[in-house]
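Novice: Quick one: sequence plus predicted model below, questions after.
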Amino acid sequence: MALEPGHGTAPKLWQTSRFAIDLGRPQVMGIVNATPDSFSDGGQHAALSTALQHAENLLRQGADILDIGGESTRPGAQPLPLAEERQRVLPLLRAALQWGVPISLDTYKPELMREALDLGLDIINDVWALRQADAAQVVAAHPRCGVVLMHMQGEPQTMQSQPMQGAVTPHVLRFLEQRTQVLRALGVHSSRIVWDAGTGFGKTVEQNFELLAHTPALVQRGHAVLAGWSRKSALGAVTGLPVEQRMVPSVAAALLAVERGARIVRVHDVADTVAALKIWHATHFVAAYAG
């Protein structure tokens, strides 16, 4: 049985529509951007055929979960009309849902959430943490779907021009607890809820790394934590590398997050992350056996 928030230990299972995902080992969520303008791989997988091929490749590389998105939320991104987002993601979802793996949809639109859940979608991944009208109710109306609540300061158009001020960790904790309380009041069990601190969403470089260092503070609140560091600008600020050369720092950040208690890492570079996590797992297995 998953623990309720405040028990100090993250749950061992993440309940989703079709799967109870084992969080006893870190889960790799592969990113499938069906968009022409994402910050990292915009346009590479915008066509249905190339998006499907990319998604299949991520599974072959070892992805445990696929996260499909049709609207870019990079800094400065403009909102996408619902009809266009539906056109981008629904054909991809219908195909991917036949593969027998957990499928997540990266969206904040409640109308699209409802339609995707009716198709059998497993997870809603919402950068707005279900703050759009009716979004929380859509998730609550489903008996089992998983949900990722993410912290974002401001909105994509302005978040990096007006980043948050002051100590970031207490603010993020309060926000995620408040959004969780909304869902809990609607009857959503805590085993369905995962937290994401929102790396790069309205935060300074220093604040992003503060949140990475303080990952245990999120874990101790009793929810599984997802880390989304892949190719983010904070890595570029520290290393000086352009986005297409950030695989190594992305893997390093994912490992640091896992070492501090994150159970899901959302990544572009699946094969490299899976290989690195095998080393992490072998080290922990030896340490546990020796103990």
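Specialist: Received, thanks.

Novice: what's downstream of the lengthiest strand in the chain, the next helix or strand?
Specialist: Ranked by residue count and defined by DSSP state E, the top strand of the chain is strand 27-33. Sequence order places helix 48-60 as the next helix or strand after strand 27-33, per DSSP states H and E.

Novice: in that next one, what's buried?
Specialist: Buried residues in helix 48-60, counted by 16 or more other CB atoms under 10 Å: 51-52, 54-56, 58-59. From N, CA and C alone the C-beta is placed, and that goes for glycine too.

Novice: How about residues contacting that helix?
Specialist: 30-32, 34, 44-45, 66, 68, 91-92, 95-96, 99, 101, 270 (CB atoms under 8 Å, 6 or more residues apart in numbering).

Novice: go again using 10 Å as the cut-off
Specialist: 28-35, 41, 43-45, 47, 63-68, 70, 87-89, 91-92, 95-96, 99-101, 103, 267-271 (CB atoms under 10 Å, 6 or more residues apart in numbering).

Novice: what does stretch 88-99 give?
Specialist: For stretch 88-99, the surrounding residues in contact (CB under 10 Å, 6+ apart) are 17-18, 32-36, 45-48, 51-52, 54-56, 59, 66, 68-71, 80, 86, 102-107, 112, 115-116, 119-122.

Novice: Check the offset of stretch 101-115 from the chain's centre.
Specialist: Here stretch 101-115 is found 13 Å from its chain centre; the criterion is CA atoms, centre = their mean, to the nearest Å.

Novice: Now do it: distance from first to last residue.
Specialist: 19 Å (CA to CA, to the nearest Å).

Novice: any idea of the mean pLDDT for stretch 213-226?
Specialist: Regarding stretch 213-226, the rounded mean pLDDT is 96.

Novice: Mind listing what's buried along that stretch?
Specialist: For stretch 213-226, the neighbour count (16+ other CB under 10 Å) marks 214-215, 217-226 as buried.

Novice: if we can go back for a sec, out of the buried residues of helix 48-60, the closest to Leu186 would be?
Specialist: Nearest to Leu186 among the buried residues of helix 48-60, counting by CB to CB, is Ala55 at 31.4 Å.
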